[in-house]
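Colleague: return a 3D structure for these sequence lines:
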Amino acid sequence: MDPGELLDLLKRRTGFTQTHAAILKELGEVMAPIAPEVALAFYDYLGRDEELSSILHAVPGRVERLYGTFAAWYRELFSGTYDRAYAERRRRIGLVHARLGIGPRAMVPAMGLVQELSLEHLRSALRGLEVFSAVEAFEKILAIEVALVEESYLEALARGLLLGHRDVGEALKEGAKALLSP
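Modeller: As a prediction, the model looks like this:
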């Protein structure tokens, strides 16, 4: 499915509205400053897993580069702009992960950590009723994020199977590689 169309579908299914987008944009002032802290916790978490650690450290300097990439991704969660370009960037993120062999069983639990740290910060930074609308908006965009990335995994897997790869891991990697090729 086209990334923009998929995003529109996910917005409808989650009930994500322009009000949620505006709330997230306002939250950027509170949330963007913790991006480096969340990135550090995220990669520390992944680094404790032998399989993921080997992927992270396969290329010198990869982890350090990823801190910046992650922080930019995290700040974009609070941009207030969730359009076709946003969805296409999420598709690419999923395909890059798939090409490296990082599938949903790694991504979903790691996103749980992002959710946990973010909600903890929201609850401590905000007061009163504003917490409820902030949590609602954040939960909705995170659900959309996970769905967009997971769809890219399915797209990569389907392509890899069409290319004749029968091993699921290999099909995921090779399908993503084909989809990322110009």
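Colleague: three-state assignment of Leu46?
Modeller: Under DSSP: H, G, I helix; E, B strand; the rest coil, the three-state class of Leu46 is helix.
Colleague: what's near enough to touch it?
Modeller: By Cβ atoms under 8 Å, 6 or more residues apart in numbering, the residues touching Leu46 are Leu52, Ser53, Leu56, Ala106, Ala110. C-beta coordinates here come from the backbone N, C-alpha and C atoms, glycine included.
Colleague: mind checking pLDDT for the last one?
Modeller: pLDDT for Ala110: 93.
Colleague: which of the contacts of Leu46 are buried, as a ChimeraX select command?
Modeller: Of the contacts of Leu46, the buried ones can be selected in ChimeraX as follows, counting by 16 or more other Cβ atoms under 10 Å:
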select :52,56,106,110
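Colleague: in helices only, show me the contacts of Leu46.
Modeller: Among the contacts of Leu46, the members falling in helices (DSSP state H) are Leu52, Ser53, Leu56, Ala106, Ala110.
Colleague: so which of those residues is the closest to Ala156?
Modeller: Closest approach between the ones in helices among the contacts of Leu46 and Ala156, by Cβ to Cβ: Ala106, at 14.3 Å.
Colleague: how close does that closest one get to Ala137?
Modeller: 26 Å (Cβ to Cβ, to the nearest Å).
Colleague: could you identify the most distant pair in the ones in helices among the contacts of Leu46?
Modeller: The largest separation in the ones in helices among the contacts of Leu46, counting by Cβ to Cβ, is between Ser53 and Ala110 at 12.7 Å.
Colleague: tell me the contacts of Lys173?
Modeller: Each residue near Lys173 by Cβ under 8 Å, 6+ apart is listed here: Ala98, Arg99, Leu100, Gly101, Ala156, Gly160.
Colleague: what sits against the third one?
Modeller: With contact taken as Cβ under 8 Å, 6+ apart, Leu100 is in contact with Ile55, Lys173.
Colleague: got it, and the last one?
Modeller: Contact criterion Cβ under 8 Å, 6+ apart gives Glu170, Ala171, Leu172, Lys173, Glu174, Gly175, Ala176, Ala178 as the residues in contact with Gly160.
Colleague: ranking by neighbours, what's the top pick from those?
Modeller: With neighbours taken as other Cβ atoms under 10 Å, the top of the contacts of Gly160 is Leu172, carrying 28 neighbours.
Colleague: ok, that one - contacts?
Modeller: By Cβ under 8 Å, 6+ apart, the contact set of Leu172 is Ala98, Gly101, Gly103, Tyr153, Ala156, Leu157, Gly160.
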